[in-house]
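Peer 1: Pasting a predicted model and its sequence here:
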Amino acid sequence: MYSEKVMDHFMNPRNVGEIENADGVGEVGNAKCGDIMKMYLKIENDVIVDAKFKTFGCGAAVATSSMATELVVGKTVEEALGITNKAVAEALDGLPPVKMHCSNLAEEAIRAAIDDYKRKNGLLPEGGDCNACGRRCDDIHHGIDDDED
Amino acid sequence: MNDNKIIYLDHAATTPVNPQVLEAMLPYFSDKFGNASSIYSIGRESKKAIEESREKVAKAIGALPREVFFTGSGTEADNWAIKGVAYANRDKGRHIITTAIEHHAVLHACQYLESDGFEVTYLPVDENGLVSPQQVQDAIRPDTILITIMFANNEIGTIQPIGEIGKIAREKGIIFHTDAVQAVGNIPINVVDLNVDLLSLSGHKFYGPKGVGALYIRKGVKITSFMHGGAQERGRRASTENIAGIVGVGKAIELATQNIEENNKKLLELRDRTIEEISKKIPFVKLNGDRYKRLPGNVNFSFEFIEGESLLLMLDMKGIAASSGSACTSGSLDPSHVLLAIGLPHEIAHGSLRITFGTENTHEDIDYLMDVLPMIVDRLREMSPLYEKVKRGN
């Protein structure tokens, strides 16, 4: 059901871990829904120079986390904000329909980490505009009919 | 280990067809292809094969041959039992009693009946997945027409007190159905001793073929016909018979019940060793289901801080086939309704692993499982933000 690329990123995930004194840290998802993604970014002169992640979740959640860290490195903060869930899924040669929400999670994790960076650097009003907080489970669209076997 | 070898630990999902069963079935695809309703010799031969198979199934569960009706699956048997009894007895009442941990074949059939004016009580279970006979007794109303409670649970293996529930149902004159799909071939069953009125079984759970099951209907139980058409199955389940399948389910149940004690002894050894070793070697685990009142081949653990599908994928890469109750493997939003019903929090239910042993498994299989499972759990935990918090102590 998964592409070879998804399986590769699941079995050999890139950039697993934490960054000490990261410039931005974002955690999205919740354990109740079965996936949590935590992303750490190192940002120098507005460019993301390193990214690491930790994920609790299914194969697709791990693979999208891994791919998301690969996609953001080398990009400016604004460029990274332009990475969509679709771009993450496409970079993995697609995801099964019931797993598309995992790519949403990856997009949200990037945004949450960048929000954190902006907040720490006074680029965002205090307490404002949290893109990715507390709206999980609802955006999981798959239903019982999609994937029964 | 040989790289191509698959260690199959998912016998509650399905089992391989026993070679003796396959051998018995094969002639009915080709040489003996006659329609059992035809009067010439190859038709009569098919008819005879069906009736011999019916006798074998009846003998295995302590029923009379005329009380056994072949179906296309266990799900069909469940649907027929529940809807058939409900519609045939709706003038007496519209209340049905079941449990929260039934297979979807029962739960969704009950939900369908709710949409058609029936009322269903879903009994909760305790932390081991057990329902008590007292709970059943207390739920009975004057308009209760059916009690349907599974013999053994497909996920956590818990075995219900079917005999005690049967006694209550019989005393109250309420029809009692049990979904015994996981139990037949694993637990000795006698429908007379247990006061069971209807019992569902499925061939592929005990080394028979897929696509064939049976429903035991005690003589005198009022039930509507499942299929309307020809006179097959005495008009109650019309359809040209799946003769090879029926022969297969008969041979399979005969073999499974003949060797039940010997097989159980072996399965219990494998089960208990696995439960013990996982408990000892891996921290932050919880055994789901009753430690002793459980199917002889069933092991079900939750591993905290990790998610079940990831665990299954990694086991698969190591050649081990198992199953999980995580949402990601069920295709729905929530983890297994069984694991939630025994009180597991969602996040623990997502991290469950079901291992179900079969007759071809060996201690070497467990050696290998215990080589790779702790490593895989470690690896996923190292990747998990939930575990990071535990390691830091908050």
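Peer 2: Okay, I see it.
Peer 1: backbone phi and psi for the spatially closest residue to B:Ala238 that is not a sequence neighbour, please?
Peer 2: Closest residue to B:Ala238 apart from its sequence neighbours, by C-beta to C-beta, 6 or more residues apart in numbering or on different chains: B:Gly229 at 3.0 Å. (Glycine included, C-beta is placed from N, CA and C.) B:Gly229 adopts backbone torsions of phi 170, psi -120, taken as degrees, to the nearest 10.
Peer 1: Counting neighbours, what do you get for B:Gly229?
Peer 2: When neighbours are counted by other C-beta atoms under 10 Å in any protein chain shown, B:Gly229 registers 11.
Peer 1: and the spatially closest residue to B:Gly235 that is not a sequence neighbour, what is it in contact with?
Peer 2: In this structure, B:Gly235 finds its nearest non-sequential neighbour in B:Ser225, 6.3 Å apart by C-beta to C-beta, 6+ apart. B:Ser225 makes contact with B:Gly84, B:Gly235, B:Arg236, B:Arg237, B:Ala238, according to C-beta atoms under 8 Å, 6 or more residues apart in numbering or on different chains.
Peer 1: Repeat that for B:Ser115.
Peer 2: Residues near B:Ser115 by C-beta under 8 Å, 6+ apart: none.
Peer 1: distance of the residue nearest the centre of chain A from A:Pro97?
Peer 2: The geometric centre of chain A, computed from its C-alpha atoms, lies nearest to A:Ala106 (C-alpha atoms, centre = their mean), at 2.1 Å. Separation of A:Ala106 from A:Pro97 (C-beta to C-beta, to the nearest Å) stands at 16 Å.
Peer 1: Over to B:Ala169?
Peer 2: The value you get for B:Ala169 to A:Pro97, if C-beta to C-beta is used, is 44 Å.
Peer 1: Mind telling me what element the residue nearest to B:Gly235 is part of?
Peer 2: B:Ser225 is part of no helix or strand, with elements assigned from DSSP states H and E.
Peer 1: any idea how far B:Ala24 is from the nearest residue in space to B:Tyr207 that is not next to it in sequence?
Peer 2: Nearest residue to B:Tyr207, sequence neighbours excluded (C-beta to C-beta, 6+ apart): B:Asn18, at 4.0 Å. Separation of B:Asn18 from B:Ala24 (C-beta to C-beta) stands at 9 Å.
Peer 1: Which parts of the stretch 51-200 of chain B are helices?
Peer 2: Applying DSSP state H, counting those that start in this stretch to the stretch 51-200 of chain B gives helices spanning B:74-88, B:104-114, B:133-139, B:162-172.
Peer 1: and if you look at chain A?
Peer 2: Secondary structure of chain A, counting by DSSP state H: helices at A:4-11, A:59-72, A:77-81, A:85-91, A:100-120.
Peer 1: I'd like to know which of the ones you listed is closest to chain B.
Peer 2: helix A:59-72 (4.7 Å; C-beta to the nearest C-beta).
Peer 1: Give the other helices and strands that that closest one contacts.
Peer 2: Packing partners of helix A:59-72 (3 or more C-beta pairs under 8 Å, 6 or more residues apart in numbering or on different chains; DSSP states H and E): helix A:4-11, strand A:35-44, strand A:47-56, helix A:85-91, helix A:100-120, helix B:308-317.
Peer 1: now those in TSV, with mean pLDDT and distance to B:Val212?
Peer 2: Shown next, in TSV, are the helices and strands packed on helix A:59-72 (pLDDT from 0 to 100; distance: least, C-beta to C-beta, whole Å):
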stretch	mean pLDDT	distance to B:Val212
helix A:4-11	96	35
strand A:35-44	96	39
strand A:47-56	97	41
helix A:85-91	94	41
helix A:100-120	92	37
helix B:308-317	95	28
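Peer 1: Can you list the residue ranges for strands in chain B?
Peer 2: For chain B, the strands defined by DSSP state E occupy B:7-8, B:68-71, B:95-99, B:119-123, B:144-148, B:175-179, B:198-202, B:213-217, B:285-287, B:298-303, B:320-321, B:352-356.
Peer 1: Show me how far the first one is from its chain's centre.
Peer 2: Read that as strand B:7-8. Relative to its parent chain, strand B:7-8 has a centroid offset of 19 Å by C-alpha atoms, centre = their mean, to the nearest Å.
Peer 1: Could you spell out the sheet neighbours of it, each with its direction?
Peer 2: On the basis of DSSP bridges, the sheet neighbours of strand B:7-8 come out as strand B:320-321 (parallel).
Peer 1: Repeat that for the third one.
Peer 2: Looking at strand B:95-99 with DSSP bridges, its partner strands are strand B:119-123 (parallel), strand B:144-148 (parallel).
Peer 1: Any buried residues in it, and which?
Peer 2: Using 16 or more other C-beta atoms under 10 Å in any protein chain shown as the test for burial, strand B:95-99 gives B:His95, B:Ile96, B:Ile97, B:Thr98, B:Thr99.
Peer 1: swap in the fourth one?
Peer 2: For strand B:119-123, a neighbour-count test (16+ other C-beta under 10 Å) marks B:Val120, B:Thr121, B:Tyr122, B:Leu123 as buried.
Peer 1: Let me know whether stretch B:69-89 sits next to chain A.
Peer 2: No: on the criterion C-beta under 8 Å from any C-beta of the partner chain, stretch B:69-89 is out of touch with chain A, staying 11.7 Å away.
Peer 1: what's the average pLDDT for that stretch?
Peer 2: For stretch B:69-89, mean pLDDT is 98.
Peer 1: So what's the gap between that stretch and the chain middle?
Peer 2: 15 Å.
Peer 1: show me what contacts the residue positioned nearest the centre of chain B?
Peer 2: Geometric centre of chain B, nearest residue: B:Gln182, 2.9 Å, by C-alpha atoms, centre = their mean. For B:Gln182, the contact set (C-beta under 8 Å, 6+ apart) comprises B:Ala12, B:Met150, B:Phe151, B:Ala152, B:Asn153, B:Asn154, B:Gly157, B:Lys205, B:Leu295.
Peer 1: Touching, B:Glu109 and B:Asn79? I think so.
Peer 2: Heads up, residue B:109 is Ala, not Glu. Yes: with contacts counted by C-beta atoms under 8 Å, B:Ala109 reaches B:Asn79, the gap being 5.0 Å.
Peer 1: Settle it for me: which of these two has more neighbours?
Peer 2: B:Ala109 (23 against 20).
Peer 1: separation between the more buried one and B:Glu102?
Peer 2: 9 Å.
Peer 1: cool, and B:Leu194?
Peer 2: Using C-beta to C-beta, B:Leu194 is found at 18 Å from B:Glu102.
Peer 1: Same drill for these two, tell me which one is more crowded.
Peer 2: Comparing B:Leu194 with B:Glu102 by other C-beta under 10 Å, the one with more neighbours is B:Glu102, at 25 against 22.
Peer 1: Please name the spatially closest residue to the more buried one (chain neighbours excluded).
Peer 2: With C-beta to C-beta, 6+ apart, the residue lying closest to B:Glu102 is B:Met150, at 5.4 Å.
Peer 1: Run through the residues that contact the one you found.
Peer 2: B:Met150 makes contact with B:Thr99, B:Ile101, B:Glu102, B:His103, B:Val106, B:Gln160, B:Thr178, B:Asp179, B:Ala180, B:Val181, B:Gln182 under the criterion C-beta under 8 Å, 6+ apart.
Peer 1: Tell me which residues touch residue 49, please.
Peer 2: Using chain A here. A:Val49 touches A:Lys42, A:Ile43, A:Val73, A:Gly74, counting by C-beta under 8 Å, 6+ apart.
Peer 1: Switch to chain B, please.
Peer 2: B:Ala49 neighbours (C-beta under 8 Å, 6+ apart): B:Tyr28, B:Lys32, B:Ala36, B:Ile243, B:Ile246, B:Val247.
Peer 1: Now for the closest residue in space to the first one that isn't next to it in sequence, how many residues are close by?
Peer 2: To tie it back to what came earlier, the one meant is B:Tyr28. Of all residues beyond its chain neighbours, the one nearest B:Tyr28 is B:Ala244 (3.9 Å), with distances taken as C-beta to C-beta, 6+ apart. Applying other C-beta under 10 Å, we find 23 residues neighbouring B:Ala244.
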